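Asker: Curious how this folds, go ahead:
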Amino acid sequence: MIARPSPTLPLAAFYAAFFVVIGTIQPFWPLWLAAQGLDAREIGVALAVGVGAKVIGLPIAAHVADRSGERRRPMVRLAAVSALSFALFALADGFWTILLVSLLFFSLWPPVMSLGETLTVMLAKRDGFEYGRVRLWGSLAYIAMALAAGALLARVPAGAVYWMILGGVAVTAVTCLALPDAKAAPGYTHR
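Answerer: The predicted model follows:
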């Protein structure tokens, strides 16, 4: 019998890429919004819409994944469409278009992590590795990116935030392609 390759490296790469994005969005996205001319109230609304959009995307993605048992394929699709939707911020001009793109992007992006968490727990049970050792790479990437982005943004315009996030979302989509194609039984939960 041929040994199955360990999924820990592709999973660690996925977590690192995803948390590079989070390590940029959480502290620095308001800077980009301000550079686009949004005032403090509009920035607050745009951020709130981003958080609220999860209420739309997460249950839909979970329902689709649970019905099919798929994890990797929906992650690949959601990450790719997230990259395309994030790219639309380059065309967004003013508060209302930024709000619409925020609603789109932030309804697609968070389910990538939720499905990734489920896949990781499922594979950890199947292959016997420790979840925390894989998830650690996300935390390290978050800290490193927040520090690096802060240092960079001290020297370059706030517009660089857009490119850092877009690059991170694109890399995350690529890392999703390398994940194991494990399929859960329809209706799987990771209890």
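Asker: ok, and what's touching the one helix or strand Met164 maps to?
Answerer: Following DSSP states H and E, one finds Met164 within helix 160-177. Contact with helix 160-177 is made by 10, 13-14, 16-18, 20-21, 24-25, 28-29, 31-32, 72, 75-76, 79-80, 82-83, 86-87, 89-90, 109, 112, 116, 145, 149, 152-153, as judged by Cβ atoms under 8 Å, 6 or more residues apart in numbering. C-betas here are computed from N, CA, C, even on glycine.
Asker: In helices only, show me the residues you listed.
Answerer: Judged by DSSP state H, the contacts of helix 160-177 include 10, 13-14, 16-18, 20-21, 24-25, 28-29, 31-32, 72, 75-76, 79-80, 82-83, 86-87, 112, 116, 145, 149, 152-153 as members of helices.
Asker: Which among those residues count as buried?
Answerer: Listed as buried from the ones in helices among the contacts of helix 160-177 are 10, 13-14, 16-18, 20-21, 24-25, 28-29, 31-32, 72, 75-76, 79-80, 82-83, 86, 112, 116, 145, 149, 153; burial here means 16 or more other Cβ atoms under 10 Å.
Asker: Which other helices and strands does the helix or strand of the chain with the lowest mean pLDDT contact?
Answerer: In the chain, no helix or strand scores lower on mean pLDDT, DSSP states H and E than helix 54-68, which sits at a mean of 88. If contacts are counted by 3 or more Cβ pairs under 8 Å, 6 or more residues apart in numbering; DSSP states H and E, helix 54-68 sits against helix 72-87, helix 95-108, helix 110-127.
Asker: For that helix, C-alpha coordinates in CSV please.
Answerer: Only the C-alpha atoms of helix 54-68 are listed here, as CSV (Å, rounded to 0.1, in the frame of the first residue of the first chain):
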residue,chain,number,x,y,z
LYS,A,54,-20.6,36.9,6.8
VAL,A,55,-24.1,36.3,7.9
ILE,A,56,-24.9,35.9,4.2
GLY,A,57,-21.9,33.9,3.0
LEU,A,58,-21.1,31.6,5.8
PRO,A,59,-24.5,29.7,6.1
ILE,A,60,-24.8,29.4,2.3
ALA,A,61,-21.3,28.0,1.9
ALA,A,62,-21.7,25.6,4.9
HIS,A,63,-25.0,24.3,3.5
VAL,A,64,-23.5,23.7,0.0
ALA,A,65,-20.4,22.0,1.5
ASP,A,66,-22.5,19.9,3.9
ARG,A,67,-24.8,18.7,1.2
SER,A,68,-22.0,17.7,-1.1
